[in-house]
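Trainee: Test case, fold it:
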Amino acid sequence: MPKTMSDPSSRGAPRPWANMSADYLATMERAEALVPILRERAVLTEDSRDLPEETERELHAAGLFRIMQPRRIGGAELDYISLIDIGDILARGDASVAWIVSNLASHHWMLAMWDRAAQDRIWGENPDCLIASSFVFPAGKARRARGGGYVLAGRWPFSSGVTPSGWNMLAGIVAPEDGEAPEHRVFLVPASDYRVIDTWDALGLKGTGSHDVEVEEAFVPEHMTVPVSAIAGGRTPGSSVNPAPVFQIPVFALFPYVLSGPAAGNAQACLDDFVAAMRGRSATYSAARLSELQSIQIKIAAAAARIDAARAIMRSACIEAQRDAAAGRVPDMLQKTRYRRDGAFSVNLCTEAVDMLFAASGARGLYMSGATQRQFRDAHAIAAHISFSFDAVGSNYGRLALGLPNENPIL
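Mentor: Coordinates of the predicted model:
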């Protein structure tokens, strides 16, 4: 497909991943090739409120769901930073698709930390199997079953990409016994054991199909669960078969970076569209060339600086985490809360950039036929995720900095 001015990849969009390995570069170029297709299909994706089947096929064909799956299974086993870069690229076409890919790709990464029996159960049947999630721990109630394993029940919101997924990672709290503290665990549940409830009718990220799922009561074998403490950094139950450093990064400390790439790509697309429009546009009433207005020039610079800074923060956090894992270092609690702080801060920068450009677009930005209104809605939908609430993560970082105890039980 020839590149046009409606294709962000034709305008010199940043490619910070261009100096990575040949395999990494090839993967990101396959993602980049899908950008104009996703952009043209964005209205269909929103109307579907889910991932269109043709898009799912194209993502599978490009290998994008398996970017962090272990090589021993046939995955690419890319570095953790790939989650930032893949979300950044795909969101320049459609933030909903980028959100789903980032989510579902991260679950292959997480599964590599489970007991090998869990990996064999899922990947042995289908290495392309998609796995959804909902990490809302209070939503799941679990109790130990006689003879081993757990009985799980609950209703979880926001399970993005659940429709095409064959499994789900559902978070829950295990009821304490004999004076023990409640335990936070993640449970792998097949689609046959839960019901998808069509709830996702949202303002933004409309195409993510982030429906509720409900488990009335299901038995989950011991090997199909993992305690949060086992994936908090360092060796995991899966380390014997997947020893690479990328699988020793603390899951929930770095969790914001599973989802923050789409914020950068969505903001970049908004900026690219704005610049292209301003080059040839005149004011409706004064006929002044907008490109010559200093106020427009300054807004472009201010938005671009925010997006570039956000991307740099996101990528540097991932690089640092992988470097620490390779050196056998597990970050302390202050470091973990810093990762959460910076993840939220970087996404807030992207939201500010989109808000600035949306306001500067004037009434033309309101038309549903244009991409600006979708980029605005998607930016705010991304920022609404609890991981990007700076009030929540900032206060916990401040507590640790002041010598007070951590309030996040999953770190």
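Trainee: C-alpha only now, for contacts and for neighbours.
Mentor: Will do.
Trainee: Please verify my assumption that Ser165 contacts Leu130.
Mentor: Yes. Contact criterion CA atoms under 8 Å: Ser165 and Leu130 qualify, at 4.5 Å.
Trainee: More neighbours: which of the two?
Mentor: Leu130 (24 against 16; other CA atoms under 10 Å).
Trainee: Now for that one: which residues touch it?
Mentor: 65, 104, 164-167 (CA atoms under 8 Å, 6 or more residues apart in numbering).
Trainee: same thing with Leu64?
Mentor: 27, 31, 86, 101, 105.
Trainee: quick one: it and Ala98, what's the gap?
Mentor: Distance, Leu64 to Ala98, by CA to CA, to the nearest Å: 10 Å.
Trainee: still on that earlier bit, give me the subset of the contacts of Leu64 that lies in helices.
Mentor: Members of those lying in helices (criterion: DSSP state H): 27, 31, 86, 101, 105.
Trainee: what's the following helix or strand after the longest helix seen in the chain?
Mentor: Using DSSP H to define each element, the chain has its longest helix at helix 294-326. Per DSSP states H and E, the first helix or strand lying C-terminal to helix 294-326 is helix 333-360.
Trainee: quick one: which of the ones in helices among the contacts of Leu64 is nearest Arg72?
Mentor: Ala105 (16.1 Å; CA to CA).
Trainee: can you pull the contacts of that closest one?
Mentor: Taking CA under 8 Å, 6+ apart, one finds 64-69, 83 in contact with Ala105.
Trainee: sorry, back to before: any common contacting residues for Leu64 and Ala98?
Mentor: Between them, Leu64 and Ala98 share the contacting residues Ile86, judged by CA under 8 Å, 6+ apart.
Trainee: What about Asp178, how many residues nearby?
Mentor: 5.
Trainee: for it, what are its contacts?
Mentor: Asp178 neighbours (CA under 8 Å, 6+ apart): none.
Trainee: Just the mean pLDDT for stretch 110-129, thanks.
Mentor: Across stretch 110-129, the average pLDDT comes to 98.
Trainee: Pull out the buried positions in it.
Mentor: 110-116, 118-119, 122-123, 127-129 (16 or more other CA atoms under 10 Å).
Trainee: of the residues you listed, closest to Phe135?
Mentor: Met110 (12.5 Å).
Trainee: Could you list the low-confidence segments of the protein?
Mentor: Scanning the chain for pLDDT under 70 picks out 1-12, 281-288.
Trainee: all strands of it, in order?
Mentor: Remark: strands assigned in the chain by DSSP state E are 131-134, 140-144, 150-159, 167-174, 183-190, 195-197, 211-220, 225-227.
Trainee: Not counting residues beside it along the chain, what's closest to Asp79?
Mentor: Val246 (6.1 Å; CA to CA, 6 or more residues apart in numbering).
Trainee: residues touching that neighbour, list them.
Mentor: Here Val246 is in contact with 79-80, 322, 325-326 (CA under 8 Å, 6+ apart).
Trainee: roughly how far apart are it and Gly394?
Mentor: 26 Å.
Trainee: cool, Leu64 as well?
Mentor: Relative to Gly394, and taking CA to CA, Leu64 is found at 32 Å.
Trainee: residues of stretch 311-325 that come out buried?
Mentor: 311, 313-315, 317-318, 321-322, 324-325.
Trainee: And it, how far out from the chain middle?
Mentor: 15 Å (CA atoms, centre = their mean, to the nearest Å).
Trainee: now stretch 149-162
Mentor: On CA atoms, centre = their mean, the centre of stretch 149-162 falls 18 Å from the chain's centre.
Trainee: Only alpha carbons, please: show that stretch as CSV.
Mentor: Extracted in CSV, the C-alpha atoms of stretch 149-162 (Å, rounded to 0.1, in the frame of the first residue of the first chain):
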residue,chain,number,x,y,z
GLY,A,149,-5.8,-26.6,44.0
TYR,A,150,-8.4,-23.8,44.5
VAL,A,151,-12.0,-23.1,44.0
LEU,A,152,-12.5,-19.7,42.4
ALA,A,153,-15.6,-17.5,41.9
GLY,A,154,-16.2,-13.9,41.0
ARG,A,155,-17.0,-11.3,38.4
TRP,A,156,-14.2,-9.3,36.9
PRO,A,157,-14.4,-6.1,34.8
PHE,A,158,-12.3,-4.8,31.9
SER,A,159,-11.1,-8.1,30.4
SER,A,160,-9.7,-6.6,27.2
GLY,A,161,-9.6,-8.9,24.1
VAL,A,162,-11.6,-11.6,25.9
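Trainee: which residues make contact with that stretch from outside it?
Mentor: By CA under 8 Å, 6+ apart, stretch 149-162 touches 50-51, 100, 103-104, 131-134, 136, 139-145, 168, 170, 172, 196, 200, 208-223.
Trainee: hmm, 7 Å instead?
Mentor: 100, 132-134, 136, 139-145, 208-222 (CA atoms under 7 Å, 6 or more residues apart in numbering).
Trainee: Stretch 375-395 too?
Mentor: 95, 203-205, 256, 263, 266, 270, 340-341, 343-345, 347-348, 351, 354-355, 358.
Trainee: if we can go back for a sec, go through the contacts of Leu64 and name the one nearest Ala305.
Mentor: Of the contacts of Leu64, the one sitting nearest to Ala305 (CA to CA) turns out to be Ile86, at 20.8 Å.
Trainee: show me what contacts that closest one?
Mentor: 28, 31.
Trainee: Relative to Arg121, how far out is it?
Mentor: In terms of CA to CA, Ile86 sits 27 Å off from Arg121.
Trainee: swap in Arg289?
Mentor: Taking CA to CA, one finds Arg289 at 62 Å from Arg121.
Trainee: Test my guess that Cys318 contacts Leu83.
Mentor: No. Using CA atoms under 7 Å as the test, Cys318 is too far from Leu83 to be in contact (9.1 Å).
Trainee: Show me how far stretch 199-215 is from its chain's centre.
Mentor: Centre-to-centre, stretch 199-215 and its host chain are 15 Å apart (CA atoms, centre = their mean).
Trainee: now stretch 157-172
Mentor: 14 Å.
Trainee: ok, now stretch 192-212?
Mentor: Worked out by CA atoms, centre = their mean, stretch 192-212 lies 16 Å from the chain centre.
Trainee: Stretch 125-134 too?
Mentor: 16 Å.
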